[in-house]
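Asks: Give me a model of this one.
(2 chains)
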Amino acid sequence: MKTVITILKKELKSYFSSPIAYIVLVVFLVLSGIFFFLYLQSFVGSQFDPRYQLFREKLNLNEFVIRPYLGTISIVLLIMIPLITMRLLAEERKNSTAELLFTSPLRVLHIVIGKFLASLSLFVAMLLLSGIYVVVLMAYGNPDLGSIFSGYLGLFFLGSSFLAVGLFTSSLTENQTVAAVVSFGVLLVFWVLGASTDAESSIMGYLSIINHFDNFTKGVIELKDVVYYLSFIFLGIFLTHVVLDSERWR
Amino acid sequence: MIRVENLTKRYGDLVAINKVSFQVKRGEILGFLGPNGAGKTTTMRIITAYMPPTEGTVHIADFNVAENPIEAKRQIGYLPENPPLYNDMTVYGYLDFVADIKGVSRKDKKKRIDLAMEKCGIVDVKKRLIGNLSKGYRQRIGIAQAIVHDPAIIVLDEPTIGLDPKQIIEIRELIKNLSGERTVILSTHILPEVTMTCTRVAIINEGRIVLEESLDKLSEKVQTAQNLFLKINHWDREVIDKILSIPAVSGVDESSSGEFIIEPKDGADIREDLSRMVVENGWGMLEMRPITHTLEDVFLRVISTEGE
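Replies: Below you'll find the predicted structure:
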């Protein structure tokens, strides 16, 4: 446990002592701010649009702002998370610091978990800071907090699964660009896998990483979705461990 | 302290090292000598448990590396070929991290780091970013990293590579000072480094240990047969016969006209007889000197006969 924290601390330090963390946070907040503003603007506009007057009762913040906003954020994460995770293991290998880590009395699993938790911390910081837009909504409207919470929980699970994939691809190569591109590719495949179906109707639909996110944005937390994401994260960490452990045994 | 038995490492068809066996006792400095690509780095990576051997075993202070890697790793400080540094850390921050992952206790940590920095002469750069430091400093930080947890065994892979001559001398002094209680293995392809720092030498070529001996014994062996080099301003067929007529001479070789290499019988000193003969015959003495075999000759002989 102590070694996990040591690795976690070191990774966080290197995120925040280089521009990486700041750039990621700023770009993410600017992008999510722009999308939030656009959705909010069109919602406000539709309030006064005569065509919507008939179903004004149905216009609500959750359906017209929060849900599309969360959906857009999930796409931003798809692009940004491979950039957060690409350096985690590829850089160690490139700088031959991998030799230091793997000749120290540490368990490989502890290294992997420490690194995963570090990237997770940065990701959580991103989510928390973007929570400021929710605060804005609460100040001027009355959104349903329950479904906002479940939406953010969904983002958390979705992003963590992205991180696990990114960590895994970073373990495969010493080239950060390769790691980022491969992880983006893998994620996109999982994304579009079940694009034409929904989670209930086929295996492809179940495997699709985005179908499980949909329920969360509706305010529904279902066990099968949580289990899906947790097993996804577990698989990513497990495969990373296998790669690191076996690579030196070849 | 270190026992290596029948180590073999194959990468597919390529045999990197083949049945390497040697032992290092506590307090010894073993020089691991070999041309580039001989398998030095592979051997060291196996000893430090960075990668496993295809066959064979390594014991580090009673711990089998394959069965008990964590305990074995605890005993070792390792400087790989490229010092494993994080460019975005300060020197102190880096050593602090290394002390943590090597399991140095919180209470000893500061003392250990200060000591390692002092020994390696990097106290004055402790707050600088590693990425901004020169090669010499980086190498020294690499060594500081290897000794910060006070390991019983230190493994250094080409510790003086890329340094300027003054730094090389400093690093060699440092390595000598490290020994004593500690056991050191250092690899190099520079011969004088071995004679200057090591107590024992293992020569590896094409993946095999071709010679392993203590340096004292080796230099004794090297010194015993002292051949003489003679250069005279005269050439004649009789010269060789006449030199051979000196009782203590066992052989003469003519290397080029007027230059001879004379091999005396065991331990005999023939310099007086030889110089008298040259003068009496009026051959015109130009040069006479003993040919000392350096480690270099041994090295070249050992690895070239192995290649045949």
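Asks: Would you point out which residue of chain A is nearest chain B?
Replies: Of all residues in chain A, A:Leu100 sits closest to chain B, at 3.7 Å by Cβ to the nearest Cβ. The C-beta positions use only the backbone N, C-alpha and C, and glycine is treated the same way.
Asks: Which strand or helix spans the closest residue to B:Thr160 other than its chain neighbours?
Replies: Nearest residue to B:Thr160 in three dimensions, chain neighbours excluded: B:Ile168, at 4.6 Å (Cβ to Cβ, 6 or more residues apart in numbering or on different chains). If you go by DSSP states H and E, B:Ile168 is part of helix B:165-178.
Asks: Show me what from chain A comes close to chain B.
Replies: Residues of chain A lying near chain B by Cβ under 8 Å from any Cβ of the partner chain: A:3, A:6-7, A:10, A:13-14, A:17-18, A:95-107, A:248-250.
Asks: mind redoing it with 6 Å?
Replies: Counting by Cβ under 6 Å from any Cβ of the partner chain, chain A comes close to chain B at A:6, A:10, A:14, A:17-18, A:96-97, A:99-100, A:102-106, A:248-249.
Asks: Which among the residues you listed count as buried?
Replies: For these, a neighbour count by 16 or more other Cβ atoms under 10 Å in any protein chain shown gives the buried set as A:6, A:10, A:14, A:97, A:99-100, A:102-106.
Asks: Take those residues and keep only those in helices.
Replies: The helices, defined by DSSP state H, take in A:6, A:10, A:14, A:99-100, A:102 from these.
Asks: Identify, from those residues, the entry nearest to B:Asn18.
Replies: Ranked by distance to B:Asn18 (Cβ to Cβ), those are led by A:Glu99 at 23.3 Å.
Asks: quick one: which helix or strand includes the spatially most central residue of chain A?
Replies: Centroid-nearest residue in chain A, with Cα atoms, centre = their mean: A:Gly159, separated by 1.5 Å. Taking DSSP H and E as the definition, A:Gly159 sits inside helix A:145-172.
Asks: average model confidence for that helix?
Replies: Taken as a whole, helix A:145-172 has a mean pLDDT of 94.
Asks: Does the following helix or strand past it pack against any helices or strands, and if so which?
Replies: Helices and strands here follow DSSP H and E; after helix A:145-172, the next one along the chain is helix A:176-192. If you count contacts as 3 or more Cβ pairs under 6 Å, 6 or more residues apart in numbering or on different chains; DSSP states H and E, helix A:176-192 packs onto helix A:67-85, helix A:87-94, helix A:145-172.
Asks: Looking at these, spot the one closest to B:Phe260.
Replies: Closest approach to B:Phe260 among the helices and strands packed on helix A:176-192 (Cβ to Cβ): helix A:87-94, 57.5 Å.
Asks: Next, count neighbours for residue 153.
Replies: Assuming you mean chain A. 16 (other Cβ atoms under 10 Å in any protein chain shown).
Asks: Switch to chain B, please.
Replies: Counted with other Cβ under 10 Å, B:Ile153 comes out at 22.
Asks: So for stretch B:162-169, mean pLDDT?
Replies: On average, stretch B:162-169 scores 81.
Asks: Secondary structure element holding residue 136?
Replies: No chain was given, so I picked chain A. Per DSSP H and E: helix A:132-140 holds A:Val136.
Asks: Hmm, no, I was thinking of chain B.
Replies: Using DSSP H and E, B:Gly136 sits in helix B:135-147.
Asks: partners of the following helix or strand past that helix in the sheet?
Replies: Sequence-wise, the next helix or strand downstream of helix B:135-147 (DSSP H and E) is strand B:153-157. Sheet pairing of strand B:153-157 (DSSP bridges) gives strand B:76-79 (parallel), strand B:183-188 (parallel).
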